[in-house]
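Colleague: sequence and predicted structure below; questions after.
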Amino acid sequence: MRRFLRNLLIFASAAVCLAEHDPGHEEGAEWTGKPWLGKWVSVPEKDVNVLNFITEIGVAASHPELPPIVTVLVNHYKKGDEYHQRLRVKEVADLDDHDIVYKLGQETKNVFNGTTFSVKYDEKDDALVGQVMLPSNNATYKNEFKVEGDFLVKTSDAHGIVHKRYYKRRN
């Protein structure tokens, strides 16, 4: 019985910790209304051209714990008149979640792992489309998030180097 209670306590603590970091538990978060809104998990074996793309935009993939193939969790949701794109790399414990907050049609500045960048997203033909600007690397690339069948497909293009990442919906 003691073992059961201990395990129950551990499970409950873990559930509370996960809930605190899950934007789905944020009051006022909207998950519907646009096809790309929702909780998604990448399908790493379907990734296309990752290393060439990150080399092109000048981003180092040299985190000591970052394996060559990673699972990315992405949550797209709306809260008030702002949209959120929360990212987490599942395999890297000390890489913080990153929450990009933006309004459609407006450029927004962000910082991730010490790198400053700006995003500007709009909606076109049921897709989230935009630009990401990395001033420190003098790089700009395009992102598009579009639902294709059962997948949310993120297509990124930097100077003709195209990277695709496929996500499937999660609960």
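Modeller: Here it is on my side, so go on.
Colleague: hmm, Leu73 is touching Arg88, no?
Modeller: Yes - assessed by C-beta atoms under 8 Å, Leu73 is found in contact with Arg88 at 4.4 Å. C-beta: built from backbone N, CA, C; applies to glycine.
Colleague: show me where this protein has helices.
Modeller: 2-21, 50-56 (DSSP state H).
Colleague: can you pull out the strands in this protein?
Modeller: Ranges of strands in the chain, per DSSP state E, are 29-30, 38-42, 72-79, 82-89, 98-102, 107-112, 115-124, 127-134, 139-148, 151-158, 161-169.
Colleague: right, so of these, which gets closest to Thr55?
Modeller: strand 161-169 (8.2 Å; C-beta to C-beta).
Colleague: need the residues that contact the closest one.
Modeller: By C-beta atoms under 8 Å, 6 or more residues apart in numbering, the residues outside strand 161-169 that reach it are 38-43, 46-50, 52-54, 56, 72, 74, 150-157.
Colleague: how about stretch 114-131?
Modeller: 34-36, 59, 76, 83, 100, 102, 104-111, 132-136, 140-147.
Colleague: list the buried ones in that stretch?
Modeller: Across stretch 114-131, burial judged by 16 or more other C-beta atoms under 10 Å covers Phe117, Val119, Lys120, Tyr121, Glu123, Ala127, Leu128, Val129, Gly130.
Colleague: dump these into JSON lines; add pLDDT as well.
Modeller: Converted to JSON lines, the buried residues of stretch 114-131 look like this (pLDDT from 0 to 100):
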{"residue": "Phe117", "pLDDT": "91"}
{"residue": "Val119", "pLDDT": "95"}
{"residue": "Lys120", "pLDDT": "97"}
{"residue": "Tyr121", "pLDDT": "97"}
{"residue": "Glu123", "pLDDT": "96"}
{"residue": "Ala127", "pLDDT": "97"}
{"residue": "Leu128", "pLDDT": "96"}
{"residue": "Val129", "pLDDT": "97"}
{"residue": "Gly130", "pLDDT": "95"}
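Colleague: looking at the residues you listed, which is nearest Arg170?
Modeller: Taking C-beta to C-beta as the measure, Leu128 is the one of the buried residues of stretch 114-131 closest to Arg170, at 17.9 Å.
Colleague: sorry, back to before: which of the strands of the chain has the lowest average pLDDT?
Modeller: Mean pLDDT is lowest for strand 29-30 out of the strands of the chain, coming in at a mean of 86.
Colleague: okay, now the sheet partners of it, with direction.
Modeller: Next to strand 29-30 in the sheet, as set by DSSP bridges, lie strand 72-79 (antiparallel).
Colleague: mind checking how far the partner strand is from the chain centre?
Modeller: Distance of strand 72-79 from the chain centroid (C-alpha atoms, centre = their mean, to the nearest Å) equals 6 Å.
Colleague: fine, thanks again, bye for now.
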